[in-house]
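Student: what follows is a predicted protein model with its sequence.
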Amino acid sequence: MPFDTIFLDAGGVLVWTNWTRVSDALRANGIEVDPASLAAADPFVRRSLDVAELIAAVADQRRGWNYFELVLTKAGVPLSAAAEAALVTVQEYQRTTNIWEHVPNFVPPALSELRRCGYKLVVVSNSNGTLRQAFRRLGLDALVDIMVDSAEEGIEKPDRRLFELAVKRAGSEPEKTLHVGDFYHIDVVGARAAGLTSILVDEANLYRDADCVCIRSIAELPRLVEQL
């Protein structure tokens, strides 16, 4: 097989925002919105933020607040003092615990199958220092081999140095490493700069013109990676 190591982004690839928790925070502030409506808005908002100039100008954690505001707006929730109060609660949970805590049913089997096939699995995430504790809490830590949290390293994607650090830590080589992420200008661009092959997770089919392989979820990955 051409690859021995697979890098995986966390958010949008292995874990998603817990929109039920966000809905509960809004409800506590007098705003009713179905978690499914927030979840449906999510991929469209992430796509709107995937702009080269924005990625270059704003650090990942600073984009977080705008992300939640945009999801509310996309889901038809007007921004108001009550909505902002709810987002303060959400951001505090994100800061201390990590609200990217929804694990779709397809994730554990896909990870287990990739490991069974002999791949070393490395999570490479633009996170806030809570990646490890979140993955332990979710039981995902036992399904991967290495976790690289950008906040711990002081470098974030798309900086090639984070990929290079992860390759070294994995004991692999760039040409033997595949990276899977959900932001073109963070994951694909960064991985390519470091000499890695990249795959884009495009769950809502919003990157039809992307110049890379796209999948809807990592459920497709075990079969696909053997064909690359």
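Tutor: The structure has been received and is ready for your questions. Given the structure is predicted, the values throughout are model-derived calculations rather than measurements.
Student: which of the three states applies to the spatially closest residue to residue 51 that is not a sequence neighbour?
Tutor: Among residues not flanking residue 51 along the chain, residue 185 sits closest, at 6.8 Å (C-beta to C-beta, 6 or more residues apart in numbering). All C-beta atoms are positioned from the backbone trio N, CA, C, and that covers glycine. At residue 185 the chain is in helix, as set by DSSP: H, G, I helix; E, B strand; the rest coil.
Student: quick check: buried residues in stretch 209-217?
Tutor: Within stretch 209-217, the residues scored as buried using 16 or more other C-beta atoms under 10 Å are 212-215.
Student: can you confirm residue 167 is in a helix?
Tutor: Yes: looking at residue 167 with three-state DSSP, it is inside a helix.
Student: picking that back up, now the buried residues of stretch 209-217 in CSV, with pLDDT?
Tutor: Shown next, in CSV, are the buried residues of stretch 209-217 (pLDDT from 0 to 100):
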residue, pLDDT
212, 96
213, 97
214, 97
215, 98
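Student: export those residues to TSV and tack on distance to residue 46?
Tutor: Formatted as TSV, the buried residues of stretch 209-217 follow (distance: C-beta to C-beta, whole Å):
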residue	distance to residue 46
212	16
213	19
214	14
215	15
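Student: show me the protein divided up by domain.
Tutor: Here the domain parsing of the chain from automatic domain parsing is 5-15+102-225, 17-100.
Student: weakest of the ones you listed in terms of mean pLDDT?
Tutor: Of all the domains of the chain, domain 17-100 carries the lowest average pLDDT, namely a mean of 92.
Student: gap between the two ends of that domain?
Tutor: 4 Å (C-alpha to C-alpha, to the nearest Å).
Student: cool, and stretch 181-200?
Tutor: Using C-alpha to C-alpha, one end of stretch 181-200 lies 5 Å from the other.
Student: what are the buried residues along it?
Tutor: 181-192, 194, 196-200.
Student: mind listing the strands for the protein?
Tutor: Taking DSSP state E as the test, the strands found in the chain are 5-8, 16-17, 100-102, 120-125, 146-149, 177-181, 197-201, 213-215.
Student: and those as CSV, adding distance to residue 169?
Tutor: CSV is the format used below for those (distance: least, C-beta to C-beta, whole Å):
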stretch, distance to residue 169
strand 5-8, 10
strand 16-17, 26
strand 100-102, 22
strand 120-125, 7
strand 146-149, 6
strand 177-181, 11
strand 197-201, 18
strand 213-215, 25
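Student: so who does the residue of the chain positioned farthest from its centre touch?
Tutor: The C-alpha centroid of the chain is most remote from residue 30, which lies 29.8 Å away (C-alpha atoms, centre = their mean). Residue 30 makes contact with residue 82, according to C-beta atoms under 8 Å, 6 or more residues apart in numbering.
Student: quick check: phi and psi on it?
Tutor: Dihedral angles of residue 30 (phi, psi; degrees, to the nearest 10) stand at phi 80, psi 20.
Student: nearest residue to residue 108 other than its sequence neighbours?
Tutor: Of all residues not flanking residue 108 in the chain, residue 143 sits nearest, at 6.1 Å (C-beta to C-beta, 6+ apart).
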